[in-house]
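[1] Structure of the sequence below:
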Amino acid sequence: MLRNLLIFFFAGYFCLHSSLAWSQIDETNHWEMLIHPGVLWQYYPATTELPKDWKELSFDDTSWLTGKGGIGYADGDDSTIVDPVISLFLRVEFNLADTGNISAVYFYMDYDDAFVAYINGNEIARANISGTVPAYDTEANTAREATMYQGGLPEEYQVPSTAFSTLLKEGQNVLAIQVHNHNITSSDLSALPFLIVGVKDTTQTYQSAPDWFVSPLDFYTSHLPIIVINTLGGPIVDEPRRLAEMGIVNNGDGQINHKSDSFNAFHGLINIEIKGESAQMFPKKSYLFETQDSLGQNLNVALLDMPEENDWILYAPYSDKTLIKNVLSLKLSRDMGRYASRTQFCELFINESYQGLYVLMEKIKQDKNRVDIARLRPEDTAGDQLTGGYILRVDKVDNNDYPPFTAYPSVYIPGENPVEIQYFDPKGEDLNAVQRDYIREYVRQFEQALNSGSYLSYFTGYHSYIDKDALIDYIIVNEISKNIDAYIFSTYMYKDRTSNGGKLTMGPVWDFNIAYGNVDYNAAAETTRGWMYDEGYRMYWFRRMMNDPALQNKMSCRWHQLRSGVFSDEVIFNYIDSLVTSLEEPIRDNFKRWPVLGRYVWPNVFTGQTHEEEIRFLKNWLYDRLHWMDNNINDSCVDHIDDNMHTEVGISLFPNPFSDKIMIESIDPGKSIVQAQVYDISGSLIWYYSPKRPFNKRVVWDGNGFQNTTQPGGMYLLQVTLDNGHTYSKKIIRK
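    Below is the predicted model:
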């Protein structure tokens, strides 16, 4: 009951707070800096727990060390050097002459690896660390690199207007910060804080704002939908999610949207958290959110013409300075007829602060409008219901994640690493033991078939366990972009019920922000030549399967089909040009807010001075990549032959592919073979079988042609006629 009352209170509060927030920030005349890294700080490298009041103004810090900010070690970005330490505590006092003249407060922090910041004992910002007030020996959740010394920007945290009026006091105040390392052996630690305020009149009291600071007053209108999120007084963090309210302004195609317009495309409650792994180091954050009703329950809604659901993502292109790579790749997958998250460019405001150009997109999950497989319920523990649907993922594993599984306790192929697979939807903790055992056993059987010496056999090989058409499409999209994360991170797969096909299906594709040559730590990903699946440290599944001549042929057929249509140079480059043209003004505003053009942002291999240069690099790289693939995918596509030789009623082949001989068998009850013919890829007849009665049900071809000439490895066409007059055509492959 209390939760419901709070939600109703917040809903009313948001309507009032939104108008107050905008009116207050609009009163700003100019911006000044209260605190910058170069001021003298009191600091304490912690080896024991500090008194609880260490962050209060009344605390006596005279015994602490004194040094100029920033403070830390390594990387050359610190004015005061300290020895390696698990945590570092900082305090600095500042004086405010007139709190009534302050219209807005922004805290900025460049850090390595985590921090929590307080004003007068009240938390105003945190990143990459858990705990209400983290203990001195709490380690950062993950390793995180400072960015300013690499040409990047500090992270921004807005102090809500309803909060800073009570946080700040006329006269003395204190900013206190605890900075935490990922571990004591970490190679570096950094703390570079800034406190910037909006001033209502023309009086200059403090320091001028730094050159990199961009006023939120510069952004008001857009022809893209505008999304406004109000966090109701607190920061968005990486777990737990916080309650917030969201509104969307969308006046329609060709119309101008204003940030102060009435919300006409959505207005309601959400819970929200920061999303991502390595991307969390960037000051421009991506977010994961759920739409909710007034009772705090998930609420399915249609956002910006996308089908109803409750799980959504606001993706923040940052290191991808084209701003379009994810949208481009997901569209390529959809153009192949595969599900990939739908996307909509928008511009985002969080509280009073403009966040730049974003992409609203669908989170991967089981749903009739997303990954359309059966919904697995807790009671589905037997029969066909147990066999689907499962969404699995291969990705980085955090401490908070449910333990992944491997199909084997050890690797059966020398030199290959086991594949760690996560239960994604349903999550591992939401599956019961029977369901976890079932999907683990299915993957075990798949890997057992894949790892066997006869893995190419259509009877005992991997074919029975995986959807090869989806596999080829998945590989093609990742190879076009040479996605550095492909086959190792953000790798999704799903399995529907046996009655719906039931094979392991690769996809949906995901995460291309550092693809298309935009990576400086892997030469194979940078070049337009070579195959990413051949990289040794990736999932061995793909290398193993792509050794299959039949799969290579399938890829050749699919590639040439796509290149003659939706993947032609003309179609792809026209789409890129249309995106750039339609986003001209939002792109300009995004780079005004995040001035990273001409600056290195991890892991850029190319740093364009303008957006036009970034797009030119993408198009040149992509053109070279497409044409390399044209020249290195087998041209000999045999697309008129049924690839599923073992499933068609009539005849079966074993083994196929074969080395020395192949057995051809009639499986049509009571019917025998009256004729068998083999043609090479040029269409020339090289062998035939035409016996007199009695006819046989089984025939063996030894791989030799007329006059007992040995035939080379490759693809051949087999035509078999039974004594009922039925003729079957099959593709056979000699290794």
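[2] Point out where the stretch 501-650 of the chain drops to low pLDDT.
    636, 638-649 (pLDDT under 70).
[3] which non-adjacent residue is nearest the residue nearest the centre of the chain?
    Centroid-nearest residue in the chain: Asp511, 3.6 Å away (criterion: Cα atoms, centre = their mean). Once flanking residues are discounted, Asp511 sits nearest to Ser490: 4.1 Å by Cβ to Cβ, 6 or more residues apart in numbering. Bear in mind the C-beta positions are built from the backbone N, C-alpha and C, glycine included.
[4] can I get the CA coordinates of the helix or strand that Gln675 is a member of in PDB?
    In the assignment (DSSP states H and E), Gln675 maps to strand 673-679. Extracted as PDB, the C-alpha positions of strand 673-679 are listed here (Å, rounded to 0.1, in the frame of the first residue of the first chain):
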ATOM      1  CA  ILE A 673      16.600 -48.000 -57.100                       C
ATOM      2  CA  VAL A 674      16.400 -48.400 -60.900                       C
ATOM      3  CA  GLN A 675      18.800 -45.700 -61.900                       C
ATOM      4  CA  ALA A 676      21.400 -43.400 -60.200                       C
ATOM      5  CA  GLN A 677      23.400 -40.700 -62.000                       C
ATOM      6  CA  VAL A 678      26.100 -38.300 -60.800                       C
ATOM      7  CA  TYR A 679      26.900 -35.000 -62.500                       C
END
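[5] elements contacting it?
    Helices and strands touching strand 673-679, by 3 or more Cβ pairs under 8 Å, 6 or more residues apart in numbering; DSSP states H and E, are strand 662-666, strand 685-689, strand 698-701, strand 714-722.
[6] Wait, a helix at Phe333?
    For the record, residue 333 is Ser, not Phe. Yes: counting by DSSP: H, G, I helix; E, B strand; the rest coil, Ser333 is located in a helix.
[7] what number of residues lie near it?
    21 (other Cβ atoms under 10 Å).
[8] and what of Pro694?
    Going by other Cβ under 10 Å, the residues that sit close to Pro694 add up to 6.
[9] pLDDT value on the nearest residue to it once chain neighbours are set aside, please?
    Closest residue to Pro694 apart from its sequence neighbours, by Cβ to Cβ, 6+ apart: Ser672 at 7.6 Å. pLDDT for Ser672: 88.
[10] Stretch 103-123 spans what distance, first to last residue?
    In stretch 103-123, first residue to last residue: 19 Å (Cα to Cα, to the nearest Å).
[11] Who are the contact partners of the nearest residue to Glu56 once chain neighbours are set aside?
    In this structure, Glu56 finds its nearest non-sequential neighbour in Gly121, 4.6 Å apart by Cβ to Cβ, 6+ apart. Applying Cβ atoms under 8 Å, 6 or more residues apart in numbering, we find Gly121 in contact with 53, 55-57, 176.
[12] Counting neighbours, what do you get for Ser262?
    By other Cβ under 10 Å, the residues close to Ser262 number 9.
[13] Same question for it, what's its three-state structure.
    coil.
[14] now it: how far from Gln255?
    For Ser262, the distance to Gln255 equals 13 Å [Cβ to Cβ, to the nearest Å].
[15] Equivalent analysis for Arg242, please.
    Taken as Cβ to Cβ, the span from Arg242 to Gln255 is 32 Å.
[16] Run through the helices of the stretch 51-200 of the chain in chain order.
    161-167 (DSSP state H, counting those that start in this stretch).
[17] how about the strands in it?
    65-68, 71-72, 80-81, 87-96, 102-112, 114-119, 122-127, 155-159, 171-180, 190-199 (DSSP state E, counting those that start in this stretch).
[18] For Gly507, find the nearest of the ones you listed.
    strand 122-127 (32.4 Å; Cβ to Cβ).
[19] before we move on, back to that, okay if I get the helices and strands packed on strand 673-679 as CSV plus distance to Phe405, mean neighbour count and mean pLDDT?
    CSV is the format used below for those (distance: least, Cβ to Cβ, whole Å; neighbours: other Cβ atoms under 10 Å; pLDDT from 0 to 100):
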stretch, distance to Phe405, mean neighbour count, mean pLDDT
strand 662-666, 37, 20, 89
strand 685-689, 48, 16, 87
strand 698-701, 42, 16, 90
strand 714-722, 37, 19, 88
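[20] out of those strands, nearest to Val116?
    strand 714-722 (63.3 Å).
[21] what helices or strands is the closest one leaning on?
    helix 549-563, strand 651-654, strand 662-666, strand 673-679, strand 727-734.
[22] now these as TSV including distance to Ser187?
    Formatted as TSV, the helices and strands packed on strand 714-722 follow (distance: least, Cβ to Cβ, whole Å):
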stretch	distance to Ser187
helix 549-563	43
strand 651-654	57
strand 662-666	59
strand 673-679	63
strand 727-734	52
